[in-house]
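> just the structure for this:
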Amino acid sequence: QVQLVESGGGLVQPGGSLRLSCGPSERIFNIYDLGWYRQAPGKERELVASITMTSDTNYADFVKGRFTISRDSAKNTVYLQMNSLKSEDTAVYYCAARSTRWTNPWGWGQGTQVTVSS
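Numbers count the residues shown, from 1 in each chain. Here you go, the predicted structure:
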């Protein structure tokens with residue numbers, strides 16, 4: 001089964017920036033969108049941002065104006081540029097694909113840890 005592999009996490013100070021990358025373990029076809037999700041300790045996994053194959057984007061209110069999602073269709077890779085990071089952004093970040101807008105995401109990888117702390 002295809003998995004998505006995340007990278008780019010790390011420790012950053014409040015106000016800093018990180019860029020996350022996500023690519024599939026093998027090429028995938030016929031997907032509706034790719035999304036970034038996060039899960040903080042003791043909390044449910046939540047959608048951060050998503051981008052469709054026609055480059056329509058969707059952002060959670062708590063990252064609007066700070067995070068930017070983009071993709072490289074040739075590489076089947078999606079990126080998350082995170083600026084003005086806050087301590088509450090600390091979480092494990094995952095990416096996943098959806099086959100249609102009505103189906104559940106799939107392809108969960110191991111995630112990448114983002115820690116925002118001084």
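
> show me the strands in this structure, by range?
Under the criterion DSSP state E, strands of the chain are mapped to 4-7, 10-12, 18-24, 33-39, 46-52, 57-59, 67-72, 77-82, 91-98, 112-116.

> outside of the last one, which residues touch it?
Taking Cβ atoms under 8 Å, 6 or more residues apart in numbering as the criterion, the residues outside strand 112-116 that touch it are 6-14, 16, 18, 20, 38, 82, 85-94. Where you see a C-beta, it was placed from the backbone N, CA and C, and this is true even at glycine.

> who touches the residue minimising distance to the centre of the chain in this structure?
Nearest to the mean C-alpha position of the chain, by Cα atoms, centre = their mean, lies Trp36 at 2.2 Å. With contact taken as Cβ under 8 Å, 6+ apart, Trp36 is in contact with Leu20, Cys22, Leu47, Val48, Ala49, Ser50, Ile69, Val78, Leu80, Tyr93, Tyr94, Cys95.

> how about the fifth one, nearest residue that isn't a chain neighbour?
Spelled out, that is Ala49. Distances taken as Cβ to Cβ, 6 or more residues apart in numbering put Ile69 closest to Ala49, at 4.1 Å, once the chain neighbours are dropped.

> repeat for Gln1
Gly107 (7.7 Å).

> if we can go back for a sec, identify the bridge partners of the residue nearest to Ala49.
Leu80 (DSSP bridges).

> that one and Glu26, how far apart?
Using Cβ to Cβ, to the nearest Å, we find Ile69 at a distance of 22 Å from Glu26.

> and what of Ser73?
16 Å.

> how much space between Asn30 and Arg98?
Taken as Cβ to Cβ, the span from Asn30 to Arg98 is 11 Å.

> higher neighbour count, those two?
Arg98 (18 against 8; other Cβ atoms under 10 Å).

> quick one, what contacts Ile69?
Trp36, Ala49, Ser50, Ile51, Thr57, Tyr59, Val78, Tyr79, Leu80, Gln81.

> quick revisit: so which of the contacts of Trp36 is the most crowded?
Busiest of those [other Cβ under 10 Å] is Cys95, holding 30 neighbours.
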